[in-house]
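In: Quick one, fold the following:
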Amino acid sequence: MTADQDPPVIPGVRRSYVEARGARFHVTEAGEGEPVLALHGWPQHHYVYRDLLGNPPVGMRVIAPDLPGYGWSGAAGHRWAKDDVASDLFALMDALGLEGKTLLVGHDWGGFVGFRMILREPERFRGFLVCNMAHPWAPAGVVARQFWRLLAYQPLMASVGVPLQQRTRFLEALFGAAAKGEGRFDPETIAIFADRFKDPRVARAARDTYRTFLLREVPASIRNPERRRASVPVRALFGKDDAAVHYSLAAAETTKADDYTLELVDRCGHFVVDERPDLVRARLIALAAETE
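Out: Numbering: from 1, shown residues only. From the prediction side, this is the model:
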């Protein structure tokens, strides 16, 4: 596959392009009923939710957009500040007519953005299933103990991320090493994700994701830690063998949330949505039932 590849085939899905807040979103959805907005992270796109899209739970409309600049969505009109991405997604929800309360799913950066969405406009959400992402209230001491994990790859992405993704096999090696147990990626799936980042627009979006995080968002969080409290029920699902994000950053006892639980998944790494799609599906159905 090349940088101009078509979106991967997922039988039965509906695809559209939706203009919202100056961004052209590529949106993949399946099923009918209560809306579920599913947000991916790096280095992926909507295909991370291929199992949910290919077999949506009864009574659910699964909506998986490519985030701005990622996958087949147009470039963001900003430098990928996560609050700006949240604003883009609220505009997308409006454009899609999501007027009632929506279930939210987020993995990796999709989870990071998801927290900002439920803190900013909680009335729009009935529940949040977040996968392998730190919550925004992690104490400074815990963050400091785990900061070496960020230094292992994030400065590279923030500086030389474009050629790193386009000209090397860095992403292929990352996928090969990240999954644990029985959830390892097959070569075709790795290519579906990694090849998309050969597109200069997509590679720049990924670089900006990390550059803005390290240069702007980390310093801002040190100066002004998150003080808002989450009123939306949050269910955190976390592959215990994640080498990129440690589960101590998602601990329930350090949250400012009315209803938050953390479930650790043994023999599972960072890509829990790919590695344990059965479990993600079950927890989504459970969250829908308890917030009905």
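
In: how about the helices of this structure, start to end?
Out: 50-54, 82-95, 109-120, 140-151, 154-167, 170-178, 187-194, 200-212, 218-223, 272-275, 277-290 (DSSP state H).

In: Relative to D258, how far out is A140?
Out: Look at A140 and D258: by C-beta to C-beta, to the nearest Å, they are 23 Å apart. For every residue, glycine as well, the C-beta is placed using N, CA and C.

In: you'd agree F271 is up against G176?
Out: No - the pair F271 / G176 is not scored as a contact, 11.4 Å apart, by C-beta atoms under 8 Å.

In: Please look at V234 and Y260 and confirm they touch.
Out: Yes - using C-beta under 8 Å, V234 is in contact with Y260, at 4.5 Å.

In: So these two - more neighbours on which side?
Out: V234 (27 against 22; other C-beta atoms under 10 Å).

In: Look up how far W80 lies from that one.
Out: Distance from V234 to W80, counting by C-beta to C-beta: 24 Å.

In: between V234 and Y260, what contacts are shared?
Out: Shared contacts of V234 and Y260 (C-beta atoms under 8 Å, 6 or more residues apart in numbering): H135.

In: give me every residue that touches the spatially most central residue of the chain.
Out: Nearest residue to the geometric centre of the chain (C-alpha atoms, centre = their mean): G110, 2.3 Å. Contacts for G110 (C-beta under 8 Å, 6+ apart) come out as 38-41, 67, 133.

In: Same question for A95.
Out: So A95 contacts 18-20 (C-beta under 8 Å, 6+ apart).

In: same deal with A203?
Out: 161-162, 165-166, 197.

In: next one: A75
Out: By C-beta under 8 Å, 6+ apart, A75 lies in contact with 23, 68-69, 201, 204-205.

In: Could you identify the least confident member of these?
Out: Lowest model confidence among those falls on A23, which carries 93.

In: Who does the nearest residue to the residue nearest to the centre of the chain once chain neighbours are set aside form a beta bridge with?
Out: Closest residue in space to G110, ignoring its immediate chain neighbours: L39 at 2.9 Å, by C-beta to C-beta, 6 or more residues apart in numbering. L39 forms beta bridges with G106, as assigned by DSSP bridges.

In: Pull the contacting residues for L39.
Out: When contacts are counted by C-beta under 8 Å, 6+ apart, L39 touches 64-65, 67, 89, 104-107, 109-111, 113-114.

In: Among these, which one sits closest to L150?
Out: Using C-beta to C-beta, the shortest approach to L150 within the contacts of L39 belongs to W109, at 13.1 Å.

In: surely that closest one meets D208?
Out: No - using C-beta under 8 Å, W109 is not in contact with D208, being 11.5 Å away.

In: ok, and the helix or strand in this protein with the lowest average confidence?
Out: Ranking every helix and strand in the chain by mean pLDDT, DSSP states H and E puts helix 170-178 at the bottom, with a mean of 90.

In: what angle sits between it and helix 154-167?
Out: 120 degrees (axes from the mean of the first three to the mean of the last three C-alpha atoms, to 10 degrees).

In: Any chance you could list what contacts helix 170-178?
Out: 43, 153, 164-165, 184-185, 189-191, 193-194, 197, 243-244, 269-271.

In: In PDB, could you pull the C-alpha coordinates for stretch 34-54?
Out: The C-alpha trace of stretch 34-54 is given here as PDB (Å, rounded to 0.1, in the frame of the first residue of the first chain):
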ATOM      1  CA  GLU A  34     -28.000   5.000  20.600                       C
ATOM      2  CA  PRO A  35     -24.900   6.900  19.300                       C
ATOM      3  CA  VAL A  36     -21.400   5.700  20.300                       C
ATOM      4  CA  LEU A  37     -18.600   8.100  19.400                       C
ATOM      5  CA  ALA A  38     -15.300   6.100  19.200                       C
ATOM      6  CA  LEU A  39     -12.000   8.100  19.100                       C
ATOM      7  CA  HIS A  40      -8.700   6.500  18.000                       C
ATOM      8  CA  GLY A  41      -5.200   7.400  19.000                       C
ATOM      9  CA  TRP A  42      -1.700   7.300  17.400                       C
ATOM     10  CA  PRO A  43      -0.400   5.600  15.300                       C
ATOM     11  CA  GLN A  44      -3.900   4.500  14.100                       C
ATOM     12  CA  HIS A  45      -7.200   5.700  12.600                       C
ATOM     13  CA  HIS A  46     -10.800   4.500  12.600                       C
ATOM     14  CA  TYR A  47      -9.800   1.000  11.700                       C
ATOM     15  CA  VAL A  48      -8.800   0.300  15.400                       C
ATOM     16  CA  TYR A  49     -12.600  -0.100  15.900                       C
ATOM     17  CA  ARG A  50     -13.000  -2.500  13.000                       C
ATOM     18  CA  ASP A  51     -14.600  -5.200  15.300                       C
ATOM     19  CA  LEU A  52     -17.200  -2.800  16.700                       C
ATOM     20  CA  LEU A  53     -17.900  -1.400  13.300                       C
ATOM     21  CA  GLY A  54     -18.100  -4.900  11.600                       C
END
